[in-house]
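In: sequence and predicted structure are below.
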Amino acid sequence: MVTEADARVLDYGSTIVLVAGGHITPLAQDTLRARRITVVRDGTDPEAQDLAPVAAVRRVALAGDHTSLALKSAIVRHLRSRGVAADDLGTTTSDPVDYPDTAAAAALAVARGEADAAIVIDGAGLGSAIAANKVAGARAAMCPDTTLARYARQHNGANVLTLGSTLVNRDEAVAIVDAFIDTPMREARYIRRLAKIRDLERHPRR
C-alpha cells in the first residue's frame, strides 16, 4: 500500500511500480499527482515506464525554419525566464531552411536524452510534426491551442511540440508551450499505449 507519507518522500517527477494487488490511498493519489509521479502497475511491459515523457521539464531543444525566428526567440526568452534551459538549434537567419532538417535536429535531441522536450516551428507546424515523427523515440504533435497541448502530453505522451508561425501569435504560443511542458503523463493505460507505438516503430505492421 502506498500512503500519503510514502508519496511525499518519492522524487518529484519519478516513476514507481505498484505490485500486483497493491493499493494507493486517496490522499496518496493526490500527492502523487501534485508531485507528478507516474505509477505503473507490476506485470506490464518493464520498458513501458520509461516511455512516458519527462514530467519535470528542465531542458528544451528548439528549432525552426526561416519563418520561425521571431516566435522562436520569444519562446526561448520565456522558457529562460521560467528557469528552463532552452537550447536554440537554429535557424538563426532568414535564409530559406527545409523543415525536415530543423525538425530532425530537435527530435534527435529528445530521442538521445539531450533534452526533456522539444519545440519545432515552421509555417504551419504540420510538416515538422511529420518529419519529427520519423525519428524513433520522438512523438510530435502539432498543437494550435492549449487544450490539444495538454491532450498531446497527458494522453499521447508527446515529447515534441510543433507550432505554426502563421497560425499563432506570441501570447498564444507561450500559453501553448506552458500547457505542453506543465502537463505530465501519469496513467498506466496511456503509457501502455505508448508501448504499442514503440512496437510499431520496431516492427511496422504490414
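Out: That came through fine.

In: skip the chain neighbours and tell me the closest residue to the residue most central in space within the chain.
Out: The geometric centre of the chain, computed from its C-alpha atoms, lies nearest to Asn159 (CA atoms, centre = their mean), at 2.5 Å. For Asn159, ignoring the flanking residues on the chain, the nearest one in space by CB to CB, 6 or more residues apart in numbering is Pro53 at 4.4 Å. To be clear about C-beta, it is placed using only N, CA and C from the backbone, and glycine gets the same treatment.

In: confirm that that neighbour sits in a helix.
Out: No: checked against DSSP: H, G, I helix; E, B strand; the rest coil, Pro53 lies outside a helix; its state is coil.

In: just give me the neighbour total for it.
Out: The tally of other residues near Pro53 (other CB atoms under 10 Å) stands at 24.

In: next secondary structure after the worst-scoring helix or strand of the chain on mean pLDDT?
Out: Taking mean pLDDT, DSSP states H and E as the measure, strand 38-41 is the helix or strand of the chain with the lowest mean score, a mean of 69. Heading C-terminal from strand 38-41, the first helix or strand you meet, by DSSP states H and E, is strand 59-64.

In: name the helices or strands packed onto that following strand?
Out: The elements that strand 59-64 packs onto, with contact taken as 3 or more CB pairs under 8 Å, 6 or more residues apart in numbering; DSSP states H and E, are helix 69-81, strand 85-88, helix 99-111, strand 117-122.

In: just the buried positions in the longest helix seen in the chain, please.
Out: The residue-count maximum for a helix in the chain (DSSP state H) belongs to helix 188-202. When neighbours are counted by 16 or more other CB atoms under 10 Å, the buried residues of helix 188-202 are found to be 188, 190-191, 193-195, 198.

In: local confidence estimate at the nearest residue to Glu201 once chain neighbours are set aside?
Out: Nearest-residue entry for Glu201: Ala136, 5.0 Å, with adjacent residues in sequence omitted and distances by CB to CB, 6+ apart. The pLDDT attached to Ala136 in the predicted structure is 89.

In: my read: Ala136 touches Val110, true?
Out: No: using CB atoms under 8 Å, Ala136 is not in contact with Val110, being 11.0 Å away.

In: who are the contact partners of the residue nearest to Asn159?
Out: Taking CB atoms under 8 Å, 6 or more residues apart in numbering as the contact definition, Pro53 lies against 116-117, 139, 153, 157-159, 184-185.

In: just to revisit the earlier point, for Ala136 and Val110, indicate the residue with more neighbours.
Out: Under the criterion of other CB under 10 Å, the comparison of Ala136 against Val110 puts Val110 first, with 25 against 11.

In: who are the contact partners of the more buried one?
Out: 61, 116-118, 137-138, 159-160.
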